[in-house]
Each structure stands twice: as structure tokens, then as C-alpha cells.
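Novice: From the sequence below, what's the structure:
(chains A, B, C and D)
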4 protein chains.
Amino acid sequence: MVNFLLIDCPDRKGLIFTITQIVFRNNLNITSNDEFVDRQQNQFFMRAELAGEVHPAALVQELSAELPPEANIRLVPERKKNIVLLVTKEHHCLGDLLLRHEYGDLNANILAVLGNYAELESLVSRFGIPFHHVSHEHKTREEHDQEMSRILADYSPEYVVLAKYMRVLSPAFVAQFPNRIINIHHSFLPAFIGANPYRQAYERGVKIIGATAHFVNSDLDEGPIIAQNVIQVNHTQDARDMAQSGRDVEKIVLAQALKLVFAEKVFVSNNKTIIF
Amino acid sequence: MVNFLLIDCPDRKGLIFTITQIVFRNNLNITSNDEFVDRQQNQFFMRAELAGEVHPAALVQELSAELPPEANIRLVPERKKNIVLLVTKEHHCLGDLLLRHEYGDLNANILAVLGNYAELESLVSRFGIPFHHVSHEHKTREEHDQEMSRILADYSPEYVVLAKYMRVLSPAFVAQFPNRIINIHHSFLPAFIGANPYRQAYERGVKIIGATAHFVNSDLDEGPIIAQNVIQVNHTQDARDMAQSGRDVEKIVLAQALKLVFAEKVFVSNNKTIIF
Amino acid sequence: MVNFLLIDCPDRKGLIFTITQIVFRNNLNITSNDEFVDRQQNQFFMRAELAGEVHPAALVQELSAELPPEANIRLVPERKKNIVLLVTKEHHCLGDLLLRHEYGDLNANILAVLGNYAELESLVSRFGIPFHHVSHEHKTREEHDQEMSRILADYSPEYVVLAKYMRVLSPAFVAQFPNRIINIHHSFLPAFIGANPYRQAYERGVKIIGATAHFVNSDLDEGPIIAQNVIQVNHTQDARDMAQSGRDVEKIVLAQALKLVFAEKVFVSNNKTIIF
Amino acid sequence: MVNFLLIDCPDRKGLIFTITQIVFRNNLNITSNDEFVDRQQNQFFMRAELAGEVHPAALVQELSAELPPEANIRLVPERKKNIVLLVTKEHHCLGDLLLRHEYGDLNANILAVLGNYAELESLVSRFGIPFHHVSHEHKTREEHDQEMSRILADYSPEYVVLAKYMRVLSPAFVAQFPNRIINIHHSFLPAFIGANPYRQAYERGVKIIGATAHFVNSDLDEGPIIAQNVIQVNHTQDARDMAQSGRDVEKIVLAQALKLVFAEKVFVSNNKTIIF
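Specialist: Residues are numbered from 1 along each chain as shown, chains lettered A, B, ... in the order given. The predicted structure is shown next:
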């Protein structure tokens, strides 16, 4: 049985010693360990994998007693995360995640998929996963998000994955899942504002197209970045071809980000990530 | 003896036939040929490598007579381009180009280097190339650019390469070298506006850092893109480390772009490039 | 209606003129055109996209009459290719292709899937595509391949895609589909011979893992290369993790290769590819 | 003042606690820390950055007393490494390292350059670094290596960097610098044996060309891998162009590898590297 111990707190001398002493006292073995000190913020981050029989409440209490009062301490058993996907009409990220889920490569249980359109229901149902069509039509953003929240409440997901969910979420919805909503979006050099970015990218003749996976905190495209990658494109590709290339990089980057998050390798601090 | 024939004009049926007929009539062999039609603009682009003895004036006249009046026709012998570099204080692109030049890998003659600071004179002089220190202090941008223009006039460069020249050029200067000034700059996902972008990239926790080589037409960072690439970074790199990674990708991307331009493989059309 | 005209023949002066004259005479417009001359082999390659009403037999006959007798001339209408997939037990390439097929991104009709194991039948059937379990047990390679050939005969596929088909094909089978069988396999730097290459890659501490898509001519891993790419790995990944990273790059590279082949952009010559 | 503490030993419970206790007792602060356990080998690796006043002998003695007897313990102050470069005729890695050295980006002092040809003396001398021409002609490999060894003895380098040194080193020479000789070589998918690999790569139509930086232990191209990367190539590039692309990736990969090694981030274990 492996547990992940995740601690971040203001840095001071002796932290690792203090922590590992408690771990040793509890007769646990550290099979992997990473620390990082953000010197700009003077913040200490540590992630350890613990082998052995853990008494969670007692261990966290012991740690709290000896660490600074601001310390964030999480002890999480190694297990699949429970997640729900939000989608609109694009299939590429959804399909990729359904396949990984089907064959045990996702490290998560997809409890359900919610779509603001019904288009993807057929795909989801083939994999035996509940699909909820929650139309946004004739509703305010808040009403729509509340309807999704009610459905999500039945599933209690640990993470909400926006697998090309193309609507902005309301602050109230986002606030329910701090650092637990993950989004994927295309990224361009230079950045393009406004509608139809692939059209703009084509007209600007960009040579690479990127994708960024990130947590959603408030602004849809602006939370802490988890993973990024790019793919080469050229002038022979029209906007539709570029979008197709973009889909390939999006689905791989989203899957990479989820792998890191579900393995408890990602800290969020000051709108950026520390990834071990 | 190889010549490059570069033609772009509004598309119509039979263009390649018309052109290759004239080439054949002139007893020339086409050893490489690329065409592309931008359907959005209905514009035809063609680049051919011609082997055989060319009578340039006659050939261009024949082509002009049979092609649409808007046709741009260029016939350029294969040879090294004459270039001048503009620099400020950063050495990485300059040093890389000096080395490529020294060993015949640049496909260009570096006639001179102009710097608005004197820092890089020592490096340039080791490679036997004239360095002109043209300080911008106590001068308006226009005065400074005019002083550079006077020096450039002695060299008649075909291309001006901004090898980390960190000042905006005046419209009058840029207008002297249409699609003949090439710049390299760092690029980020997301884009960062304002001072010290590497500091911003660090604080935002970006996972890739890019570089873009492009022609300068008006706005310093906004001309037609020639080449782009990225490098992976992570949270353990501070702003200084990220800048160092950025320098590696900048120097390679600039060299790749120059290679394409100097081989006459790049068309510019509507603020984007067609690259064969 | 677009047709692809594909020609390769020994190079000589005036080939493009000759070809485009015939095209022009037939009242066709060339909307895209690429040529390349392999100077080492003195071989000319040309791919043109023709718009307009084509009379195929007549056009090919005209071209044959005026081109060198060794010329290979193909005139292919733009349309989806008919393909059959061969699989074993690994799902990642198969699943990716089924999704692309389902949503019209593959440029091909998957007529059927043949597996030497039954494992993937469940996945294939969800997409409404016939699956044939052709076990190799208690059969010689030739018997097994003949059984597959008989099933394939009913489908008359233009291409056979080995989507992680883990058996060597008999020369007789391969000979039925010259340059029409496409395989994907992992690639390492350095190369590893023998069983369990991911285990070897892990033990050797490689930092990148690659994938190569290629035509199968005789030796399974040795035909003309169509596409290659790599992904970064590190020491924290065990052999299983490396294999998972490898699967991501394999499925993307295979899809890229198929896109090129199905768009008639790939010539094979002397065990290498020319890709326009 | 920062010191790097590097420990590897058989894994057992409490190692981090034991080590950090001693560090804490010595009034030192750990500003960065990485551990990794190779479960296959049951080997523990740890790298810590220590801030504070260190008494090296005492600290190492304390650690030795409490760690397993097989433990390798190194305590290294943060400082530039002293290195010597070996070259033949190719300039690209040498030039790149000379530039980084000149501008303080290398984290090392280049004490001297030894070449078995005199070609690169002119370049080296421009950077004020001693160049020794040690011809291999009319000498056995052992005689030649001994002559280099005598010169190296005067410099006492911590690392010997083969910046495109194109000869195999004798076992006796290699044995003098265990895990302290670093080589860069091109890498291909598939691998090519024998002379002129770029010619072979061209004839095989490879789509990517790679470079591998590694320690040299015995066989020239076979030691523990430090860094690898690739660059895309295509059929329009002849063997000479591919070699030029290869040079770009080689020089960047070598510099990346040296950066890791000189920052004491690389452990070698069982012919592979652990890189923090």
C-alpha cells in the first residue's frame, strides 16, 4: 500500500529532517521523495511516496504539531481518482480519454460525462458511461452551471475535466472545485484574441501550434499551467488542417497533464505549478 | 550555374505550362520546382531551380510578356547573400552566426556588424569583420537610424539581420528594406506584454519557451513568420535559466530562418510566408 | 472534382513543360504541384492536383505517349481509401484510428479489422465495423497468412494497416500489397535487438523514445520510412511507463503517416520515400 | 556558499531521516533535495543543495558512520568545473562551447583544447585558450593517448569533453577518467553501422536525426546516456544538409548534458544515468 504525502509551507531549516523523522518513527519507508524551495516565495514543497501501514489521522496530526502552522499537509492513498468530464461537440479529447479509461491507462474512474450538446452521447454510451445532456439554451450561465452542479453532486468527483468544454464557467461553479478543474486549450505564437483562432493562425502563417493544459480558477484560459506542447504546421495546411493538427497535440497534452495530476505530482502555488 | 526563378501572380489555368514552356524554349533544365496556390487569395507561387546558361534580361522579358501584368518575377543566381547584422549586447545569435560564417555554413557574407553598444566589438573583431559602434544615446530614434543607414549604404546589404537588436526601428528605416530585415524574438504561451518577459514566464510557470524568426515590416514583433520552435522548461528553472534555454532556441531558429531566406525559399504574401 | 496526377520517371529536360502542356490541352487546372529530382538516382517525381473534368484513360495515354517509356503514371481521384486493419492485442493505434474514422478525420473507410487474437473484437464492434478473429495457433505462418488473404479478398482493400500487428508477415502475403502495407513500430536510440525493447530501453536509461511508420516490403521493420517522431522520457519512468509514452507517439505517428499516404503525397523509390 | 551532497547506497528504511538529521545537526539548510530509489536495483540516490558553513571532512565522516558501508558520499562545493576539450576537425561543438565559456554560460573553465589535427587551432586561439596539436600519425593508439595523457596531467581536468573527437580512446586512457569523459554523437532511427552514417541516413530516407551525449566508459558510443534530442529532416535534404541539421542538434544536446553534469545533477549507476 502506497500513500502520497504532500506538504507545502514556508521554508525553514530542518523541515525535511522533521518530516522524515516522523515518517521513520511511524515505521514507514520513503520510496520516492522530491523537494523544492521556491526562493522567491520562500515556500517549501515536498512530495514523498510512503510504503508501509499508515494511520492517516495520527500521522497528519503528528506532522501538524511539528510543522509551521501555515503548512498544507495532505496524505492521499495511491488509487484511481473519480472524475467527471464536461464536453461540448468536439470528440478528440473525449474519445482519447474514453479509450485510456477502457484499457486502464487513465489512473481514474470516469463516473459520467456532461455535455451541453447531445452530439457525443452516442460515443460515450458505447463505453458504458452515463452521459447527461445539460443544454445551456434558454438559461443564464448561472442556471446552467447550477444544473450541472446538481448532477455532479450525485457523483462527487474529485476532478472535473473540461475535455473541450467550450463555455466559460461561472465563478460560483469554479469555486466549488479549487484547483480541481482541468482544461485544455489551443495555444498560438503569437496569441490570437477573438473568434476562430485557427483561421487567424492560418492567415498569420504560424509555423507551430500548441496546446496548454491548466487548472481553471477564474478566467477560462488563465489558471496554473500543467503541461504544454506544440506541433509543426506549414503554409500548405489550411485552417481546417491546422485545427486537425491542433487536436492531436491537445489530446496528448491533456492526457499527460491528467497523468501528472492523478499521480499527485502537481502542486499549485501563486498561480503556477510545481511538478515533481 | 543554378538560377532561382521566383514568380507569384494571380492564379489562372495554364500558368505552369506557360512558364515551363518558356524555360524549355530557353534550353534550361528545371532541377527542382515547387508551386502553391493560395486559394483564399487566388494567388499562384512558383519557385524553380534552373540549370543551364541563363540570359536573365531576355528570360524575364519573355516571362513578363506572357504572364499576367501583376506578376512578380525574380531571377536570382545561386550565390551567397550580402548581409549586415545589427546587435545590442546579447552575444548568442551573433556568436552562432559568426561561427557559421567562418566555416561556410551560413550561405551569406557578413559584411559588417553594427551595435548600439560597444560590448560585442571584441567578439566580432576576432572574426575579422568590421564592427561599427553606433550609440543611440542623445539621439532621436530617427537620428540614430539615419546614422545606421549611412553606414549601411556603404555596404549595400541585401538583408539586415537583427541578431538580438533590442530597439524598435523607425518606419523610415524599415521602409528601406522591405521584407529584407529579419528579426528573432522569444515567444511565450501565453504571450507576455511589457518588460522582462522571462520573469513573467517564470512567475506564470510556463512549460515551454519559444522563438520566432520573422521579417520586420512595421511593428517589431509582428511581421511574416519564417520559423518557430520551442524548448521545454520547468519550475526548477528560474527566470535566468529560462532565458538561457530561450537563447538556445533563438539561435537555432534564427539560423534556420536565414538558411531558408538565403536559399530563396521564402515568399511573403499578405503578412504571411509561403516556404518551399 | 479533384484528381491527383503522380508521375515518376528518369529525369530529362522539359518534363514539366511536356506534362503541363498535356494538362493544359485537356483544359485542366493545376491547383497544387510539387516536383523533386533525386540527383543521385536521376529520377524525376511530380505530384499535381488537377481541377476540372478528367478523362482518365485518354489523359494517361497522352502522357504515356510523350513521357519516357519507364514512366510510372498514376491518375487517382480524390476520395477515401478502402483499408483493412490488422491487429494483435494492443488497442492504442486501433482505438485512435477507429475514432478518427468515426468522425471523418481518417480519409479512409475501415472495411474490417482482422486480429490474431479476439481481445479487440469488443472495441471494434462498438464502432460497427466487422472484426475477424483469425487465430495463428496450430498453423504455419503461410497457412495463417493465406487465411487472412482469403478474408481480405472479400474486401479488396487498397491498403493494409498494421495497427500493432505483432507478427512477421510471409513474403507471399507482402507481395500481394507492394507499398500498400503500412506498419508502425517503436524506435530507440540506440536500437535494441531482441525481446522486450522497453525493458532494454529502461535499463539503458534512454532519454527519448521514438516511433516509425513505414511501408512493409519484406523485413518487418525495414521498409521505406513515412513518418517518425519521438517523446522525452526519464529515469523515473519504468519500462511500463516508457511503453505508455511510446504508445502515445506511435498512435500519432501512424495517423500522420496514413494522412500522407491517403492524400497520395508519398512516392516510394529505392527503399526510401519522397513526401510532398 | 552552496555545497552539493551526493549519496547513493543500497536502500533501507530511514535513510533520508538519517542524512537530514546529520545535516540539521551541522546547522545546514537544505535548499533543494531530490531522491530516487531504483527498485530494480534497490539503490537509493540523493542529491541535496546545502546552504551554510560546511566542514567537509567532518560532515562526510559523520555520514559515513551512520550510512551503509557501501555508500558513495560526495560533498562538492558549487563552483565551475575545470575541463579540457578533445577535438578533431569539426568546429560546431567546439565553437559553441567556446562562446558559452567566453560569456560565462558554461559553468566550467576550459583549460585547454587538444586536437589530433591542427585545423581548429585558429579558432581556439581567438578565445585565448591553449591549443595543443597532438597528431596521431605514426603512433599507435596507446602512444597517442599517452601523449595526450601527459599534456592533460599538467591541467588536471575534472572532465574531458569529446567535442567531436573522432577517434576511439584506448581503455587505459578511459580508465583514468571514470564517468568523467563526455562524448556527443549523432544517432539515427534506425541505427546505421559503418562509415558515413549521414549518407546511409539519406539513402534510407530517415525523417529525424538525433544526437546523444553520454559518458565514455569503454565502447565509444555506448556509455550512460545523459541527454538526447532530435531534429526533423526530409527528402529534399541531401547527406550534406542532413549533416548540417545534425550539427545543430549535436551542439545543443552536448551543452545541455554538460550543464547537467557540471551542476552535479547526474548519477551513474549500472550503465545508466539518474538525472535530478
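Novice: distance of the residue nearest the centre of chain A from chain D?
Specialist: For chain A, residue A:182 is the residue whose C-alpha lies nearest the centre (CA atoms, centre = their mean; 3.7 Å). Per CB to the nearest CB, to the nearest Å, residue A:182 is found 26 Å from chain D. C-betas here are computed from N, CA, C, even on glycine.
Novice: and that residue, which of the three is it?
Specialist: Classification of residue A:182 using DSSP: H, G, I helix; E, B strand; the rest coil returns strand.
Novice: quick one: contacts for it?
Specialist: By CB atoms under 8 Å, 6 or more residues apart in numbering or on different chains, residue A:182 lies in contact with A:159-162, A:213-216, A:226, A:254, A:257-258, A:261.
Novice: Tell me the spatial nearest neighbour of whatever residue of the stretch 101-250 of chain A ends up closest to chain B, not counting adjacent residues.
Specialist: The nearest approach of the stretch 101-250 of chain A to chain B comes at residue A:205, 2.8 Å away (CB to the nearest CB). Closest residue to residue A:205 apart from its sequence neighbours, by CB to CB, 6 or more residues apart in numbering or on different chains: residue B:272 at 2.8 Å.
Novice: wait, doesn't the one you found sit right on residue A:207?
Specialist: No: distance between residue B:272 and residue A:207: 10.2 Å, which falls outside the contact criterion (CB atoms under 8 Å).
Novice: Contacts only, for the residue nearest to residue A:205.
Specialist: Neighbouring residues of residue B:272 by CB under 8 Å, 6+ apart: A:203-205, A:235, B:224-225.
Novice: Give me the secondary structure label for the residue lying closest to residue A:49 once chain neighbours are set aside.
Specialist: Leaving aside its chain neighbours, residue A:49 sits nearest to residue A:32 (4.2 Å; criterion: CB to CB, 6+ apart). Using three-state DSSP, the structure places residue A:32 in strand.
Novice: Double-check residue A:35 against residue D:34; I have them as touching.
Specialist: Yes: judged on CB under 8 Å, residue A:35 makes contact with residue D:34 at a distance of 7.4 Å.
Novice: Those two - which one has more neighbours?
Specialist: Taking residue A:35 and residue D:34 together and counting by other CB atoms under 10 Å in any protein chain shown, residue A:35 has the greater number of neighbours (25 against 20).
Novice: on that earlier part again, which of the contacts of residue A:182 fall in strands?
Specialist: Counted as lying in strands by DSSP state E, out of these, are A:159-162, A:213-215, A:226.
Novice: Chain D next: which of those are close?
Specialist: For chain D, no contacts are drawn from those by CB under 8 Å from any CB of the partner chain.
Novice: out of the residues you listed, which one sits closest to chain C?
Specialist: Of all these, residue A:213 has the smallest distance to chain C: 14.0 Å, by CB to the nearest CB.
Novice: domain ranges for chain A?
Specialist: A:2-77, A:80-177, A:179-276 (automatic domain parsing).
Novice: For the ones you listed, give me TSV that also has mean pLDDT.
Specialist: Shown next, in TSV, are the domains of chain A (pLDDT from 0 to 100):
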stretch	mean pLDDT
domain A:2-77	94
domain A:80-177	97
domain A:179-276	91
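Novice: Near the closest residue to residue A:271 other than its chain neighbours, how many other residues are there?
Specialist: Nearest residue to residue A:271, sequence neighbours excluded (CB to CB, 6+ apart): residue A:224, at 5.5 Å. Residue A:224: 21 surrounding residues under other CB under 10 Å.
Novice: Hmm, residue A:214 and residue A:224 touching each other?
Specialist: Yes: counting by CB under 8 Å, residue A:224 does reach residue A:214; the two are 5.9 Å apart.
Novice: Spell out which residues of chain A are next to chain B.
Specialist: Proximity of chain A to chain B, by CB under 8 Å from any CB, involves residues A:36, A:38-40, A:187-191, A:203-208, A:210, A:212, A:221-222, A:224-230, A:234-236, A:238, A:270-275.
Novice: Sitting in strands, which of the residues you listed do you find?
Specialist: Those of these mapping onto strands are A:36, A:38, A:187-188, A:208, A:210, A:212, A:225-230, A:272-275, per DSSP E.
Novice: tell me which parts of the stretch 51-200 of chain A are close to chain C?
Specialist: Contact residues, the stretch 51-200 of chain A versus chain C (CB under 8 Å from any CB): A:91-92, A:95-96, A:99, A:102-103, A:105, A:123, A:126-127.
Novice: can you rerun that using 7 Å?
Specialist: The stretch 51-200 of chain A comes close to chain C at residues A:91, A:95, A:99, A:103, A:105, A:126, as judged by CB under 7 Å from any CB of the partner chain.
Novice: Can you say which helix or strand has the second one in it?
Specialist: Looking back up the chat, that one is residue A:95. Per DSSP states H and E: residue A:95 is located in helix A:92-102.
Novice: contact partners of that helix?
Specialist: Outside of helix A:92-102, the residues within contact range by CB atoms under 7 Å, 6 or more residues apart in numbering or on different chains are A:85, A:87, A:106, A:108, A:110, A:113, A:120, A:123-124, A:127, A:163-164, A:184, A:247, A:250-251, A:254-255, C:91, C:95, C:99.
Novice: do that again at 6 Å, thanks
Specialist: Counting by CB atoms under 6 Å, 6 or more residues apart in numbering or on different chains, helix A:92-102 makes contact with A:87, A:106, A:110, A:120, A:127, A:163-164, A:247, A:251, A:254, C:95, C:99, all of which sit outside it.
Novice: Would you state the helices of the stretch 101-250 of chain A in chain order?
Specialist: When assigned using DSSP state H, counting those that start in this stretch, the helices of the stretch 101-250 of chain A occupy the ranges A:121-126, A:141-155, A:171-175, A:197-204, A:239-262.
Novice: tell me what the third one is packed against?
Specialist: Counting contacts by 3 or more CB pairs under 6 Å, 6 or more residues apart in numbering or on different chains; DSSP states H and E, helix A:171-175 packs against no other helix or strand.
Novice: How far away from the center of its chain is it?
Specialist: 16 Å (CA atoms, centre = their mean, to the nearest Å).
Novice: Flag every buried residue along that helix.
Specialist: For helix A:171-175, the neighbour count (16 or more other CB atoms under 10 Å in any protein chain shown) marks A:173-174 as buried.
Novice: again with the last one
Specialist: Neighbour counts over helix A:239-262 (16+ other CB under 10 Å) mark A:239, A:242-262 as buried.
Novice: quick one: that helix to helix C:92-102, angle?
Specialist: On the basis of axes from the mean of the first three to the mean of the last three CA atoms, to 10 degrees, helix A:239-262 is oriented at 140 degrees to helix C:92-102.
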